[in-house]
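Trainee: Fold the following.
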Amino acid sequence: MNYNWNWGIFFQPNPMGTGSYLDMLLSGLALTLKTAVLAWIIALITGSIVGVMRTLPSKGASWFGFCYVEFFRNMPLLVQLFLWFFVLPEILPRAAGLWLKQLPNAPFWTAAIGIGLFMSARVAVQLQAGISSLPRGQKMAATALGLTTVQGYRYVLLPMAFRIILPPLTSEFLNTIKNTAVAITIGLLELTGQARSMQEFSFQVFEAFTAATLLYLLVNAVVVTGMRFLERWVAIPGYITGK
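Mentor: Numbers count the residues shown, from 1 in each chain. Next up is the predicted model:
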């Protein structure tokens, strides 16, 4: 293969005048982390609400949770981002659509919200499984103590369920970080987008994507390590995360 390797390319100035090529990748990494964190907050809050609704005795709440999960889980993330970014402004009233089109950092907000809603369906299913795995006696004991349904979930069921599902939630958070790469299709210059820009400017494709790969691996390794410490800290003997 006739390819000229140049690992010093990272320290050369980029054509955008924002520093070196390494600075480009690091700025993309920062945007990746911002998008992933905001998306995960949306996913965790929304997914928790929907997951609880799927376990309530109310048929209306359970049906809403079922429809929500099936809608967001069964549609590809790329299609969802296209719908939110390109289609939604066109079908809204003219004023609202124009506001969305002129929204500052529209790719960032679209990616964060779109990925967050997509991942919330997965969080909801995980939480439902965690709650369903608890012994029935816990819910009955909460009722016997005079706790309301909200109090029973708040003080008894959810603390135990979240401890049980911490390992799969770790995987979902890692998926959230990796899913930010799809946002390049709507113009978000996160880590993958900046790596592609570096490749187009310098023609050093292997160096650009090797660096991006290493940065993804580093971030994911930090997340996994941190979550392992959290799992040990909140572990309860006899459950999945117990010692």
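Trainee: drop to CA atoms for contacts and neighbour counts, all remaining ones
Mentor: Fine.
Trainee: contacting residues for the residue nearest the centre of the chain?
Mentor: Geometric centre of the chain, nearest residue: Thr176, 2.9 Å, by C-alpha atoms, centre = their mean. Thr176 is in contact with Ala36, Ala39, Trp40, Ile115, Gly116, Met119, counting by C-alpha atoms under 8 Å, 6 or more residues apart in numbering.
Trainee: I would like a ChimeraX command selecting only the buried ones among these, please.
Mentor: In ChimeraX syntax, the buried subset of those is picked out as below (16 or more other C-alpha atoms under 10 Å):
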select :36,39,40,115,116,119
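Trainee: rewinding a little: quick check: which element contains the residue nearest to the centre of the chain?
Mentor: Counting by DSSP states H and E, the element that carries Thr176 is helix 166-179.
Trainee: Which positions in that helix come out as buried?
Mentor: Leu166, Pro167, Leu169, Thr170, Glu172, Phe173, Leu174, Asn175, Thr176, Ile177, Asn179.
Trainee: Could I get the residues you listed in TSV, plus columns for pLDDT and distance to Glu70?
Mentor: TSV is the format used below for those (pLDDT from 0 to 100; distance: C-alpha to C-alpha, whole Å):
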residue	pLDDT	distance to Glu70
Leu166	91	23
Pro167	90	23
Leu169	94	19
Thr170	93	22
Glu172	95	17
Phe173	95	20
Leu174	95	22
Asn175	95	19
Thr176	96	18
Ile177	96	22
Asn179	96	19
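Trainee: how much distance is there from the longest helix that the chain contains to the middle of the chain?
Mentor: Taking DSSP state H as the criterion, the chain has its longest helix at helix 21-53. Helix 21-53 sits 5 Å away from the centroid of its parent chain (C-alpha atoms, centre = their mean, to the nearest Å).
Trainee: So for the lowest-mean-pLDDT helix or strand in the chain, what gets flagged as buried?
Mentor: When each helix and strand of the chain is scored by mean pLDDT, DSSP states H and E, helix 136-144 comes last, with a mean of 84. Across helix 136-144, burial judged by 16+ other C-alpha under 10 Å covers Lys139, Ala142.
Trainee: next SSE after that helix?
Mentor: helix 149-152.
Trainee: Check which helices and strands that following helix sits against.
Mentor: helix 136-144 (3 or more C-alpha pairs under 8 Å, 6 or more residues apart in numbering; DSSP states H and E).
Trainee: Give me the helices and strands touching the helix it packs on, please.
Mentor: helix 149-152.
Trainee: Just the mean pLDDT for the next helix or strand after the helix it packs on, thanks.
Mentor: Scanning forward in sequence from helix 149-152 by DSSP H and E, the next helix or strand is helix 158-164. The pLDDT scores in helix 158-164 average 90.
Trainee: Going forward, the N-terminal residue is numbered 6.
Mentor: Happy to do that; since the first residue is 6 now, the last one works out to helix 163-169.
Trainee: In helix 163-169, which of the residues would be classed as buried?
Mentor: So helix 163-169, judged by 16+ other C-alpha under 10 Å, has buried residues Leu163, Met165, Ala166, Phe167, Arg168, Ile169.
Trainee: which residues does Ala48 contact?
Mentor: Counting by C-alpha under 8 Å, 6+ apart, Ala48 has contacts Ile120, Gly121, Leu122, Phe123, Met124, Ser125, Ala126, Val128.
Trainee: Tell me which of these fall in helices.
Mentor: Ile120, Gly121, Leu122, Phe123, Met124, Ser125, Ala126, Val128.
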